[in-house]
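Structure for the following, please:
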Amino acid sequence: MATPTELIRLDAPDDAGSTELWHETHFDAADVLPGERFLNTHALHIDSSRRLWIGTNHGLFRYDGVSFEHLSDGLGDVPVFALAESDDGTFWIGTDDDLVEFSDGRFTNIAKTGQVNDLFVDREQHVWIAGRDLLRYDRRPMTPLNRAGTQLHPTRKLLQTRDGALWVGTDVVQFKNDIATHYSEGDGFIGGNVTSLFEDSHGGVWIGTNRGVSHFDGQKFASPMFHDHPGIPTVNAITEDTNGDIWLGMPGGVAIYDQESMREHDTQDTDTTILTGHISSLSTMDGLPSNEVRALLCVDDGAVWVATQLGVCRWQDDVVEQFRVPKNIVCFLKDDSGGLWAGGDGLYHFNGTRWKQVSIDGKALVTGLTQDPTGRLWMATDLGLKVYDGFAVQTLLHFDGANGWCSDVAWDNRNHCVHLTSGLLKTYHPRATPPPIAITHVSADKQYESIAEIRIGTSQPFLRFTFHGTSFKTRSDGMLYRYRLRGFDDEWKLTSDTQASYGQLPPGNYTFEVAAIDRDLSHSESPAVVRVQVEREYRQAVLWFGLVCAIITAVLLAVMVIRRTRGIRRLNVELDQRVRVRTAELQSEVAENWKLQQQLLQTQKLDAVGTMASGIAHDFNNSLAAIR
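Residues are numbered from 1 along each chain as shown. The predicted model follows:
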């Protein structure tokens, strides 16, 4: 790596499966060129002999792993901005003014090119030079590829045809065999801004514009005449059904053109060719949700999907089935497995019965869809170029060369992603470079480093894994990670964070796995792994046993107290009842005794009166006897 002040070499660990960090070696300007304090590095290249070539503001240097060599003989100290190598070992140097060839130990000035910003050697060993102009050198005079006549105006649509040609609109430009052909109204093209491109089953290219539609058969252009539809408006979408009929989506509905009835007619007053034939139409009267048609797609079963302003419908066997969700769809894609995708206010997938929205990391307007040979889905959006592999989504921004808004995307026959961004045609070649991944720390009862296995107890309240993936082509904030704790997580989880945390885990054996995902959705060849064993702690078991025993004892005591209390209460009730009965009996006996006492007193009184009367009578008789 080159920084403004030094070179940095990263050496991987000797053991490919090791979790150790890469070793860093720093070289400052004086290490490269003695006596220099500052050395601006513009280009780095490793040749077939594993030597490092360094282009700087003080010339060209070469490093063999031990020392730096200043290659100044024949080149001097001119600034070197770009480096490349051919398969035969020829080295190419781009300076501030020249393209220079280095072969057999000699430098040869090839041409004055102006400052060379970048160099590339393609499969045919042509040297491509990026500077003021885009040039190609094949050991013959330079070939300029972006001079007047092939300059691209702001473009919106792309089409890769089966013969390998790439069609580009707004202006119509065909790139084929490295030759750019610009078509205009003088070639019979209908003109206007290109709004749709389509290749039919015969290899013909249909071009929809805001003036109508043109057909290119490989030799000339022809434009249909729609007798029943004069003044045809903008053609937003084009497709071909299983009968070979061409469907045209417009703001007023769908026009269906019968190719079998198509006939060519040359006009006398102009150089244009006219196509005539039978045409039919579909509109809201036939069941379309809206007449504003924005996208069309024919699938293998003969159904034609129509996207309108108010929803999507499926036309099959003269029957229209409406789908109110999604709305505002502007593009369709049928993938290699037959799956259906739709782009508009988000990304949608059809599961056979309904459309379901797919999360693509932010609310994006999807204006173009394509699929690469590996099955990844590429999307042109207002947030940049996005790629989706069914699990993760990455966004390529202006840092990656996408320049924000993308209007369309295609995949060419060189395995390049071709996209239109900010009015520019750009190609992007994703490379499968699996990023290495390492687990740097594990935090539990303490912090562990470079550990392959950890044992913790069930009382441990948290477990945290810290990891790091390395990718020199991916922004630091663009790296993604998939992870899982096998034995605990059912599925992989996706994150952009470099940590994964878990709470208190039940006893058992687990395996933490994590893999890095770079900007091209290349996954690590094998995940980094840490085995986790969660053991039940004996002290904790004793505490739990004591607690359970205490609870059982308390419950038994409580049951005994309750039962005893209930017995006492029952005895108290019985005793109370006996007391009341006995009290009533005593009260009855006391009343009866009182009556008997009263009767006894009365009897005693009568006896006393009788005794007193008897005495009085006796005394009275004695007195009478004396008198006598």
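
mean confidence score for the longest helix along the chain?
Ranked by residue count, the top helix of the chain under DSSP state H comes out as helix 538-627. Regarding helix 538-627, the rounded mean pLDDT is 84.

Centre of the chain to that helix, how far?
Centroid separation for helix 538-627 versus its chain: 92 Å, with Cα atoms, centre = their mean, to the nearest Å.

Next: stretch 473-481.
On Cα atoms, centre = their mean, the centre of stretch 473-481 falls 13 Å from that of its chain.

Skipping its backbone neighbours, what lies nearest F61 in space?
Counting by Cβ to Cβ, 6 or more residues apart in numbering, F61 lies nearest to I54, which is 4.3 Å off, once chain neighbours are set aside. C-beta coordinates here come from the backbone N, C-alpha and C atoms, glycine included.

Give the pairing partners of the helix or strand harbouring the one you found; include direction for each.
Using DSSP states H and E, I54 sits in strand 52-56. Partners of strand 52-56 in the sheet, by DSSP bridges, are strand 41-46 (antiparallel), strand 59-63 (antiparallel).

how about the first one: buried residues?
By neighbour count, with 16 or more other Cβ atoms under 10 Å as the criterion, the buried positions of strand 41-46 are 41-43, 45.

tally of neighbours for Y483?
22 (other Cβ atoms under 10 Å).

If you tally nearby residues, what's the number for the closest residue to it other than its chain neighbours?
Nearest in space to Y483, with sequence neighbours left out and distances taken as Cβ to Cβ, 6+ apart, is V514 at 4.1 Å. Neighbours of V514 under the rule other Cβ under 10 Å: 27.

helix/strand/coil for V514?
The three-state label given to V514 by DSSP: H, G, I helix; E, B strand; the rest coil is strand.

if I read this right, it contacts I439, doesn't it?
Yes: the pair formed by V514 and I439 meets the contact definition of Cβ atoms under 8 Å, at 6.6 Å.

quick one: common contacting residues for these two?
By Cβ atoms under 8 Å, 6 or more residues apart in numbering, V514 and I439 have these common neighbours: 465, 467, 528.

which residues touch the second one?
Think F467. 437-440, 481, 483, 498-500, 514, 516, 528.

which of those are buried?
Neighbour-count burial (16+ other Cβ under 10 Å) applied to those gives 437-439, 481, 483, 498, 500, 514, 516, 528.

so which of those residues comes closest to V609?
A500 (120.6 Å; Cβ to Cβ).

if we can go back for a sec, would you reformat the buried ones among the contacts of F467 as a markdown table and include distance to P461, secondary structure and pLDDT?
Putting these into a markdown table (distance: Cβ to Cβ, whole Å; DSSP: H, G, I helix; E, B strand; the rest coil; pLDDT from 0 to 100) gives the following:
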| residue | distance to P461 | secondary structure | pLDDT |
| --- | --- | --- | --- |
| I437 | 27 | strand | 94 |
| A438 | 26 | strand | 93 |
| I439 | 21 | strand | 93 |
| Y481 | 24 | strand | 96 |
| Y483 | 20 | strand | 96 |
| T498 | 22 | coil | 93 |
| A500 | 16 | strand | 94 |
| V514 | 22 | strand | 96 |
| A516 | 28 | strand | 95 |
| A528 | 24 | strand | 94 |
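
can you tell me which of these lies nearest to D28?
So of those, ranked by how close each gets to D28 (Cβ to Cβ), first place is A438, at 27.7 Å.

In the sheet, which residues pair with that closest one? Tell me.
H468.

Many thanks, have a good one.
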